[in-house]
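> Requesting a structural model of the entry that follows:
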Amino acid sequence: MLGLKWTAEKQQRLMSVIQYNRRQAKFGISCVYFALSKNVGVKLYSTQKERDKTYEKQVHAAKHKLAPAAGECFSFQCFWIGHNPCSAPDIRYKVIYGYLTQNATMPPKRDRTDLYPLELRLRQIGLVNDDLCNYNVGYIGKRLVCIDFDNCSCHWMVGRKKGKDAQRT
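Numbering: from 1, shown residues only. Alright, predicted model coming up:
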């Protein structure tokens, strides 16, 4: 197994990576990604809702081998200092939401047309990704996968039954 369970050791490793290797972070519109090891990384979000919606889509795509495997969801508090030039600094503990993910290797630059088969397969499983590009795909072995499922890039097709309704059919 890839070690996709959240443990105290993984949290300590994440805090160490954030503290000492901040430059290794990959920033998306709604998420920050950190590699914890060769095979496992974390995606971090500022809201539970954004994390949960993104996680649901990645898990669905991973079942069809179109995304990296997604591990456990977690949350933790960290010390945060916000700066507002018009007032005193906002100093508080902030809850960070995340989940573990299998790492994908980034591909060499590809022509957009090379991504069409992946885009079509995502649509076949009910997902539309409007931002499928070289920065949002990777490889698991030789298999091209989508790595971006946030709400700015990826959404469910209209009319798709989700959750309990989908289980009834």
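> tell me the secondary structure for residue 123?
helix (DSSP: H, G, I helix; E, B strand; the rest coil).
> so how far is residue 16 from it?
Counting by Cβ to Cβ, to the nearest Å, the gap from residue 123 to residue 16 is 40 Å. For the C-beta atoms, the positions are set from N, CA and C on the backbone; glycine is no exception.
> and what of residue 122?
In terms of Cβ to Cβ, residue 122 sits 35 Å off from residue 16.
> okay, the two: which has more neighbours?
residue 122 (24 against 11; other Cβ atoms under 10 Å).
> how near is that one to residue 58?
Counting by Cβ to Cβ - residue 122 and residue 58 are separated by 11 Å.
> do the same with residue 4
Using Cβ to Cβ, residue 4 is found at 12 Å from residue 58.
> who touches both of the two?
70, 101 (Cβ atoms under 8 Å, 6 or more residues apart in numbering).
> in the chain, what spans have low per-residue confidence?
In the predicted model of the chain, residues 1-3, 19-23, 79-92, 160-169 satisfy pLDDT under 70.
> where exactly do the helices run in it?
In the chain, the helices defined using DSSP state H lie at 8-20, 48-63, 116-124, 163-168.
> Which of these has the highest mean neighbour count?
Mean neighbours per residue, mean count of other Cβ atoms under 10 Å, is largest over the helices of the chain for helix 48-63, with a mean of 19.
> export that one as CSV, just CAs?
Taking C-alpha atoms only, helix 48-63 is exported to CSV below (Å, rounded to 0.1, in the frame of the first residue of the first chain):
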residue,chain,number,x,y,z
GLN,A,48,-13.5,21.8,4.5
LYS,A,49,-16.1,22.3,1.8
GLU,A,50,-13.5,22.8,-1.0
ARG,A,51,-11.4,19.9,0.3
ASP,A,52,-14.4,17.5,0.4
LYS,A,53,-15.7,18.4,-3.1
THR,A,54,-12.3,18.1,-4.6
TYR,A,55,-11.6,14.8,-2.7
GLU,A,56,-15.0,13.3,-3.9
LYS,A,57,-14.1,14.0,-7.6
GLN,A,58,-10.5,12.6,-7.3
VAL,A,59,-11.7,9.4,-5.6
HIS,A,60,-14.3,8.9,-8.3
ALA,A,61,-11.7,9.4,-11.1
ALA,A,62,-9.2,7.2,-9.3
LYS,A,63,-11.7,4.3,-9.3
